[in-house]
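Participant: coordinates only, sequence not included:
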């Protein structure tokens, strides 16, 4: 994990901390104990650990990043909020990558919001977009049924890890059956990774007098990762390969995990997005009684990978007939779905060069 920043203590809860110093594997190295930072830093991911409960987690706080992404599009409010939740979830999961690569979260469903695509590139850039049926979204809003589950409908959520052109991709799928993105994340880790996991997501608008509203998003992920193998056992997925009539396999939840998931369930939406509440103060508020260790935070930026050269190369890959049908008012216009950047080309700019017309890269003799 990243370099340790320190264990948190102090404030009105300081007497509850069992130790002033939490020892690492090397008993001669001590981790400094300090007060939680009072200042909130937006667009960061804070990893943390509660060693006494074998819990690890991450807390993401997004301000200008999520506001920039959502403000580039004229999404209806419920669609923007849903995409903001998906961005927070993607950053929580993608920031855990230990490799240079991409983490892509994509939904494909039959609901009014038929697709969400969030593209995270390590160590910390993200872009996102949504496709939706404007008429169906308007109907859902008018009917008071614009919650996340209703907007998504039924389909699937795919999570893809792309390590580059010479490496295999890894993809996990989970069904979306009218639930939230939190529900989908819980089901993925239960069925695919078999790691006890809880996720909390929140999105809202920050209202300021005389200024436009600004989007904020936050999220927290907590996982139970015990060191003892016997404590890591989970129940087999029902029904599994058991013969009919065999009782369902049940494994009692570990007390440490029961405590951890109970604590994260108390987090309120406003706490995840409140600019006056720092990330360190929030995790300390939740886990101070057991002692919480924080690690170096990761910065997040909104950044699209589109470029004029890339769009030009894409257009050249089409046939001449296809490019002819793209011409409108004497030009070919392409708008990036992620960042809304517009690229215009004269038809002759994207024509394929004759094979013999390309410059010979070899030096002349």
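Facilitator: In hand now; what should we look at? No experiment lies behind these values; they were computed from the predicted model shown.
Participant: Show the subsequent helix or strand relative to the top helix by length along the chain.
Facilitator: When the chain is parsed with DSSP state H, its longest helix is helix 77-94. Scanning forward in sequence from helix 77-94 by DSSP states H and E, the next helix or strand is strand 102-109.
Participant: Tell me which other helices or strands that next one touches.
Facilitator: helix 77-94, strand 113-121, strand 154-162 (3 or more Cβ pairs under 8 Å, 6 or more residues apart in numbering; DSSP states H and E). C-beta coordinates here come from the backbone N, C-alpha and C atoms, glycine included.
Participant: is it true that residue 259 lies in a strand?
Facilitator: No - judged by DSSP: H, G, I helix; E, B strand; the rest coil, residue 259 forms no part of a strand; its state is helix.
Participant: Which segments of the protein make up each domain?
Facilitator: 4-302, 308-357 (automatic domain parsing).
Participant: Could you save these as CSV and add columns showing mean pLDDT?
Facilitator: Formatted as CSV, the domains of the chain follow (pLDDT from 0 to 100):
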stretch, mean pLDDT
domain 4-302, 87
domain 308-357, 89
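Participant: Packed most tightly, which of the ones you listed would that be?
Facilitator: Stretch with highest mean neighbour count among the domains of the chain: domain 4-302 (a mean of 17; mean count of other Cβ atoms under 10 Å).
Participant: how far out from the middle of the chain is that one?
Facilitator: Mean-position distance between domain 4-302 and its chain equals 7 Å (Cα atoms, centre = their mean, to the nearest Å).
Participant: And for stretch 340-353?
Facilitator: Worked out by Cα atoms, centre = their mean, stretch 340-353 lies 33 Å from the chain centre.
Participant: where do the helices sit along this protein?
Facilitator: Here the chain has its helices, by DSSP H, at 64-71, 77-94, 134-142, 148-152, 181-188, 255-264, 269-273, 279-287, 308-316, 320-326.
Participant: Make CSV from those and add distance to residue 339 to it.
Facilitator: Converted to CSV, these look like this (distance: least, Cβ to Cβ, whole Å):
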stretch, distance to residue 339
helix 64-71, 8
helix 77-94, 14
helix 134-142, 20
helix 148-152, 23
helix 181-188, 22
helix 255-264, 33
helix 269-273, 23
helix 279-287, 27
helix 308-316, 12
helix 320-326, 20
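Participant: Just give the closest residue to the residue most central in space within the chain, not the sequence neighbours.
Facilitator: Nearest to the geometric centre of the chain sits residue 90, at 1.4 Å (Cα atoms, centre = their mean). Closest residue in space to residue 90, ignoring its immediate chain neighbours: residue 118 at 4.0 Å, by Cβ to Cβ, 6 or more residues apart in numbering.
Participant: Which residue ranges of the stretch 201-350 of the chain form strands?
Facilitator: 214-224, 292-295, 298-299, 301-302, 332-335, 342-345 (DSSP state E, counting those that start in this stretch).
Participant: Quick check: the gap between the residue nearest to residue 177 when sequence neighbours are not counted and residue 301.
Facilitator: Leaving aside its chain neighbours, residue 177 sits nearest to residue 154 (5.6 Å; criterion: Cβ to Cβ, 6+ apart). Separation of residue 154 from residue 301 (Cβ to Cβ, to the nearest Å) stands at 34 Å.
Participant: If anything else comes up later, I'll come back, but that's it for now.
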